[in-house]
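Asks: I'd like to go over a predicted model; first the sequence, then the structure.
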Amino acid sequence: GNSVTQMEGPVTLSEEAFLTINCTYTATGYPSLFWYVQYPGEGLQLLLKATKADDKGSNKGFEATYRKETTSFHLEKGSVQVSDSAVYFCALKGSRGSTLGRLYFGRGTQLTVWP
Amino acid sequence: DGGITQSPKYLFRKEGQNVTLSCEQNLNHDAMYWYRQDPGQGLRLIYYSQIVNDFQKGDIAEGYSVSREKKESFPLTVTSAQKNPTAFYLCASSTPRTGEQYFGPGTRLTVT
């Protein structure tokens, strides 16, 4: 079946520190992979995506590379800001049969950045 | 502007009452979804609909019901059979082409 495992938080960093949030997945077929961000009290916003192996998604200084050999999609940012404080969700899109179109989410990782 | 609206943002109900949460989208998306979010548990899928007049149960459908009479609207009813209804509810929509889901701002339901 399809599932996503992401590192548990919370993650606390100082401004300008390097960020990595680990995400690994289990899937049938060839899923697409996503990172979403949720600011307090709001819905989720798409941060970046990758649709096939070795694709790199990037947005707002965040990057993630679709690694089929390690079934991973780790989120990275070279220098975080206070405004990056949020909850980050890794997700995969089912690609076959009854799971087509569904998103499967990890549990989310709370990131807090201190000035 | 195109987007997804959910209303109200906060909703309070007494135990034993049914309550309906609204979700409307003007993105012309075929598929719509309802999720429940609890602290530390991520998002769990309640129901989804790929097309008008059709919907499927997600992972935690018990105690919930939906309808999809119009492409733009996918209301969720939280019935009195739902044992623990207090949560943050998120609606989303997507197109088959990209698979990206777009989320509404959410409704926080409190049942006492």
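Replies: It's in. Numbering: from 1, shown residues only, chains lettered A, B, ... in the order given.
Asks: give me the distance between residue B:79 and residue B:111.
Replies: As judged by Cβ to Cβ, to the nearest Å, residue B:79 and residue B:111 stand 11 Å apart. Just so you know, the C-beta spots here come from the backbone N, C-alpha and C atoms, and that holds for glycine as well.
Asks: more neighbours: which of these two?
Replies: residue B:111 (18 against 15; other Cβ atoms under 10 Å in any protein chain shown).
Asks: looks like that one contacts residue B:63 (just checking).
Replies: No. Using Cβ atoms under 8 Å as the test, residue B:111 is too far from residue B:63 to be in contact (11.3 Å).
Asks: anything in contact with each of those two?
Replies: Common neighbours of residue B:111 and residue B:63, using Cβ atoms under 8 Å, 6 or more residues apart in numbering or on different chains, are B:78, B:85.
Asks: name the helix or strand for the most centrally placed residue in chain B, please.
Replies: The centre of chain B sits closest to residue B:34, judged by Cα atoms, centre = their mean, with a distance of 3.1 Å. Using DSSP states H and E, residue B:34 sits within strand B:31-37.
Asks: same thing with residue A:91?
Replies: strand A:86-93.
Asks: quick check, that strand touching chain B?
Replies: Yes. Counting by Cβ under 8 Å from any Cβ of the partner chain, chain B is contacted by strand A:86-93 at A:89, A:93.
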